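[1] quick one, fold the following:
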Amino acid sequence: MSTSSAPTSLPLPVIGSFDFDSASTAASHDEKLKRTLNTAVLRQDGGRKIRLAELPNSDALRTLAGQIKQHTLDNLDYYLDKLVANVEKKGGHVYFASDAAHARQIILDIASQTRVSRVIKSKSMVSEEINLAHALELAGMDVVETDLGEFIVQISHDRPSHIVGPIVHLNKAQVAKIFSDYFGTPINDDPKALTMQARDYLRDKFRKADFGMTGGNFLVAEAGVVASVENEGNQRQSVTTPRVLVSLVGIEKLIPRMADLAVMIKLLSRSATGQPITIYNNIYGGPRSPGETDGPEEFHLVLIDNGRTEILQSEEYRETLRCIRCGACLNACPIYRKIGGHAYGSVYSGPIGALITPLFQGLANYKDLPQASSLCGACYEACPVKINIPKHLVNLRRDIVNTHLNGVFERMIYRLWAWSMTSPMMYAIVVRMQKMELRRRAMYTGWVRKLPFFGSGWTQVRDMPAPARRTFHQQWRGKK
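    Now for the predicted structure:
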């Protein structure tokens, strides 16, 4: 028996504060990055809109999906018990990991006890969250990422920049250079040739592996299974070929029934990649049964908390755990398109990353991320489970103010601004002074190229046009 009780309250990990300003400014100056991102994510966002329009009532389906996830989160202890019982009934082993270090240790212990050393690993955001591959390598294991994008990230010593597409920040010429450097072969930027080169290399790894690692898109309580989607078939190999299989999944990925899985799959593929359904939909949850020709001899399910119960205890932010990691909010976000995923300083980027990273890892460490949004609402419109991301970002901004994480100077500026907004006369004076100063700075070129102090952020990566000589109100009064 390897099941332990789920923790009820856990401290968030103590990490260094992330400098979002420097990272985002550097990324926004990278024109090649912005072109590559736009090509990738706009195509996926357009595909999402087309595929959702094909459904009879996609908005009602999104509402249903949100209700399913919310119901599960509100009753998570019940469904976790049900999941554990059904996984163990199939012959699987279940573990609860309180944090990243605990999860890594559990998996290393499994590897040691089963005497495995060759790991094939399919795409998993939570394994990136806890830096699992590096820990396995330090333990002397041969670890290979088998998803093509994750494989490219691994051999280039990079990090994923998108929840679904790890290498959306790279173009084919950059990938060709990475392959040439790693394999010692001539540069060939033909996508098919690059794919076949990776396939030849990975095929041998699949044959020799004795340890499979996966994540999971969903956990189905009534069936005791993990459900995962993919387009390459590498995960199916990781599930069926090795002698030992370990799936590492966040506790929030739970849903009650197989009928609920149908709802989620229908929305996940459309929201993530603009497909009606992904090519491979894998459902697994135990060791090989007598008479079966493939599948693992041992199945281990590691359920990780790592800050999730902290969020679960907050009724205000609990909704954020609905996320099914489709990446739709990233594809729709104008901020993400300009700075890419690496600028967020976490494996979770874009609007959902700006929300859950501070909740997972401490608002003090990532206090700039809630500000990395125009609050345009495109993320909310795109979310298949209707997480109100803009509302929660505003709430985090409120928390920053209430806990005085923003500086004294910043608070003083906003107090002065709020005071000026209470009087029409004061507002008019401030606007007039601001207009005069901006026109002075744009006197020779018609553009404001640099602003001082707190205004410098506006002109770090773009010029501001000079204000018009006459405001709209002045022109309107003149017409009357």
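
[2] which helix or strand lies directly C-terminal to the helix or strand containing residue 412?
    Assigned by DSSP states H and E, residue 412 falls within helix 408-420. Next helix or strand after helix 408-420 toward the C-terminus (DSSP H and E): helix 424-441.

[3] which positions in that following helix come out as buried?
    Buried residues in helix 424-441, counted by 16 or more other CB atoms under 10 Å: 430, 435, 438, 441. Any C-beta I mention is one placed from the backbone N, CA and C, and that applies to glycine too.

[4] so how far is residue 316 from the residue nearest to residue 368 when sequence neighbours are not counted?
    Closest residue to residue 368 apart from its sequence neighbours, by CB to CB, 6 or more residues apart in numbering: residue 20 at 3.7 Å. Between residue 20 and residue 316 the computed distance is 23 Å (CB to CB, to the nearest Å).

[5] looking at these two, which has the bigger crowd around it?
    The neighbour comparison of residue 20 against residue 316 (other CB atoms under 10 Å) goes to residue 20, with 19 against 11.

[6] one step back: mind putting the buried residues of helix 424-441 into a markdown table with distance to residue 120 and pLDDT?
    Formatted as a markdown table, the buried residues of helix 424-441 follow (distance: CB to CB, whole Å; pLDDT from 0 to 100):
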| residue | distance to residue 120 | pLDDT |
| --- | --- | --- |
| 430 | 62 | 85 |
| 435 | 63 | 89 |
| 438 | 59 | 90 |
| 441 | 59 | 90 |
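
[7] for those, give me TSV that also has distance to residue 321.
    Listed next are the buried residues of helix 424-441 as TSV, based on distance: CB to CB, whole Å:
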residue	distance to residue 321
430	42
435	46
438	44
441	46
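
[8] so residue 346: helix, strand or coil?
    Judged by DSSP: H, G, I helix; E, B strand; the rest coil, the three-state class of residue 346 is coil.

[9] I figured the residue nearest to residue 368 hits residue 346, correct?
    No - with contacts counted by CB atoms under 8 Å, residue 20 stays clear of residue 346, the gap being 10.2 Å.

[10] okay, and the common contacts of these two?
    Common contacts of residue 20 and residue 346 (CB atoms under 8 Å, 6 or more residues apart in numbering): residue 366.

[11] quick one: pLDDT of residue 393?
    At residue 393, the predicted lDDT confidence score is 97.

[12] gap between it and residue 374?
    Noted for residue 393: a distance of 10 Å to residue 374, by CB to CB.

[13] more neighbours, those two?
    residue 393 (21 against 10).

[14] and after the helix or strand hosting residue 309, which helix or strand comes next?
    Under the criterion DSSP H and E, the helix or strand holding residue 309 is helix 308-312. With elements assigned by DSSP H and E, the helix or strand that comes after helix 308-312 is helix 328-332.

[15] the helix or strand just after that next one - contacts with which helices or strands?
    Downstream of helix 328-332, the next assigned helix or strand under DSSP H and E is helix 334-339. Contacts defined by 3 or more CB pairs under 8 Å, 6 or more residues apart in numbering; DSSP states H and E place helix 334-339 against helix 20-28, helix 31-53, helix 350-361.

[16] and the ones you listed: which comes nearest residue 208?
    Across these, residue 208 has its closest neighbour in helix 31-53 (33.3 Å, CB to CB).

[17] what's in contact with the closest one?
    27-28, 58, 162, 164-165, 168-171, 270-276, 327-328, 330-332, 336-338, 340, 382.

[18] can you show me the strands along the stretch 1-150 of the chain?
    Along the stretch 1-150 of the chain, counting by DSSP state E, counting those that start in this stretch, strands occupy 93-97, 118-121, 142-145.

[19] tell me how many other residues surround residue 452.
    9.

[20] switch to numbering from 356
    Shifting the count to begin at 356 puts that one at residue 807.

[21] flag the shaky bits of this structure, pLDDT-wise.
    The model of the chain has pLDDT under 70 over residues 356-371, 835.

[22] geometric centre of it: which residue is closest?
    residue 703 (3.3 Å; CA atoms, centre = their mean).

[23] list the residues that contact that one.
    Counting by CB under 8 Å, 6+ apart, the residues that residue 703 touches are 480, 484, 518, 711, 712, 715.

[24] swap the cut-off to 10 Å and go again
    Residue 703 sits next to 480, 483-484, 515, 518, 678, 680, 685, 696, 709-712, 715-716, 724 when contact means CB atoms under 10 Å, 6 or more residues apart in numbering.

[25] and if you look at residue 604?
    Contact partners of residue 604, counting by CB under 10 Å, 6+ apart, are 438, 479, 481-482, 569-574, 581, 583, 656-659.

[26] surely it is within a strand?
    Yes - checked against three-state DSSP, residue 604 lies within a strand.

[27] and it, how far from residue 613?
    Taking CB to CB, one finds residue 604 at 17 Å from residue 613.

[28] and if you look at residue 758?
    Counting by CB to CB, the gap from residue 758 to residue 613 is 43 Å.

[29] give me the more crowded residue out of these two.
    The neighbour comparison of residue 758 against residue 613 (other CB under 10 Å) goes to residue 613, with 14 against 11.

[30] phi, psi for that one please.
    Per-residue torsions, residue 613: phi -70, psi -30 (degrees, to the nearest 10).

[31] residue contacts, the nearest residue to residue 632 once chain neighbours are set aside?
    With CB to CB, 6+ apart as the measure, residue 624 is the residue that lies nearest to residue 632, at 5.0 Å, once sequence neighbours are left out. By CB under 10 Å, 6+ apart, the residues touching residue 624 are 403, 406, 584, 586, 630, 631, 632, 633, 634, 636, 681, 739.

[32] can you confirm the third one is in a helix?
    No - the assignment for residue 584 (three-state DSSP) gives strand, which keeps it out of a helix.

[33] what's across from it in the sheet?
    residue 636 (DSSP bridges).

[34] I'd like to know how far it sits from residue 518.
    13 Å.

[35] name the residue in those two with the higher neighbour count.
    residue 518 (27 against 21).

[36] quick check, the more buried one in contact with residue 711.
    No - between residue 518 and residue 711 there is no contact under CB atoms under 10 Å: 11.0 Å.

[37] need the overlap of contacts for these two.
    678, 703.

[38] next, count neighbours for residue 387.
    12.

[39] tell me the buried residues in stretch 687-695?
    So for stretch 687-695, counting by 16+ other CB under 10 Å, buried means 687, 688, 690, 691, 692, 693, 694, 695.
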